[in-house]
Structures are given as C-alpha cells and as structure tokens.
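Dropping the sequence and predicted coords here.
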Amino acid sequence: LEIDVGNPQTVGVGRGRFTTYEIRVKTNLPIFKLKESTVRRRYSDFEWLRNELERESKVVVPPLPGKALLRQLPFRGDDGIFDDSFIEERKQALEQFINKVAGHPLAQNERCLHMFLQDEVIDKNYTPSKIRHT
C-alpha cells in the first residue's frame with residue numbers, strides 16, 4: 001500500500017479559501033476495490049477521517065498536524081496558511097498521518113478509510129461498517 005499526498009491547490013477567496021491535496025493510492029491489497037486511485041482532500045476531510053476512526057474502530061489514531069491558528073491571524077508578513085512553506089510542511093505531515101493510519105490492519109477494514117482514499121466524494125452520511133474480503 002503506497003499513499004502519496006501531493007499537488008496542493010488553493011481554491012476560493014476570502015474566508016472560503018482552502019487548500020486541497022491530491023491523494024494517490026497504489027495497492028495490491030485485495031481489500032481495496034481499486035488498485036490505483038487519485039482523489040482530492042482538504043484538511044477538514046482528514047479531520048473527518050480521524051474522528052470516524054476514533055469513533056468506530058479499535059485503532060489508536062495518530063494526531064493530525066495541528067490547526068494553524070496563529071498562521072490565520074491577520075497582518076502577518078506572509079500568506080499564513082496559504083504560504084508555500086506551510087503548505088509543504090502540512091502536506092508532508094498529512095502524508096505521514098495517512099500512511100500510518102492506512103498501514104494499520106484494523107483501519108484497513110473500515111469503510112470510512114476506503115471512502116477517504118478511493119471515493120471521489122466522501123458520503124458523510126454513510127453507515128459505518130467493516131469491509132469484507134470478497
């Protein structure tokens with residue numbers, strides 16, 4: 001199972017502005033329905049996944065990189081959370097996080113992880129369940 005987080009893109013304006021990251025998955029694990037997939041996710045999607053896993057599974061979920069509250073203050077001399085160096089740091093931390101999570105055998109059975117990694121849109125009204133080997 002290989003997961004890369006890359007190609008950050010900042011979209012929107014003002015308070016509606018956010019950065020998305022491309023998540024590329026390559027796997028030969030039979031539990032995943034796609035051998036290769038690419039989706040885009042934003043930080044709040046990672047938060048959703050972490051909360052779901054904590055609620056639904058026995059997995060000890062590693063912490064996400066923190067919310068960058070200080071970087072969101074006005075009148076900074078840089079772009080804050082949209083600064084290239086910050087986006088690069090966050091991208092690397094998110095990649096470490098998702099690889100730790102997805103590498104866990106129990107997490108691999110959780111439907112929320114499969115949706116996060118392989119579904120174009122996350123159905124946040126889904127019914128939590130375990131994935132069964134077919």
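Yes, it's here. Residues are numbered from 1 along each chain as shown.

how close does Asp79 get to Thr19?
11 Å (Cβ to Cβ, to the nearest Å). Backbone N, C-alpha and C define where each C-beta goes, glycine included.

quick one, which of the two is more surrounded?
Thr19 (17 against 13; other Cβ atoms under 10 Å).

Let me see the contact set for the more buried one.
Pro8, Gln9, Thr10, Val11, Arg42, Tyr43, Ile81, Phe82, Ile87, Arg90 (Cβ atoms under 8 Å, 6 or more residues apart in numbering).

and with 6 Å instead?
Pro8, Thr10, Ile87 (Cβ atoms under 6 Å, 6 or more residues apart in numbering).

what's the spacing between the first one and Glu22?
When Cβ to Cβ is the yardstick, Pro8 and Glu22 sit 8 Å from each other.

So between those two, which is more surrounded?
The neighbour comparison of Pro8 against Glu22 (other Cβ under 10 Å) goes to Pro8, with 18 against 15.

Hmm, Tyr21 and the more buried one touching each other?
Yes. Taking Cβ atoms under 6 Å as the definition, Pro8 is a contact partner of Tyr21 at 5.3 Å.

Overlap of the contact sets of these two?
The contact lists of Pro8 and Tyr21 share Lys91, where a contact means Cβ under 6 Å, 6+ apart.

which phi and psi does Leu117 have?
The phi/psi pair for Leu117 (degrees, to the nearest 10) reads phi -80, psi -30.

now the nearest residue to it once chain neighbours are set aside: how far from Gly14?
Nearest residue to Leu117, sequence neighbours excluded (Cβ to Cβ, 6 or more residues apart in numbering): Val25, at 5.1 Å. With distances taken as Cβ to Cβ, Val25 is found 32 Å from Gly14.

which of those two has more neighbours?
More crowded of Val25 and Gly14, by other Cβ under 10 Å: Val25, with 21 against 5.
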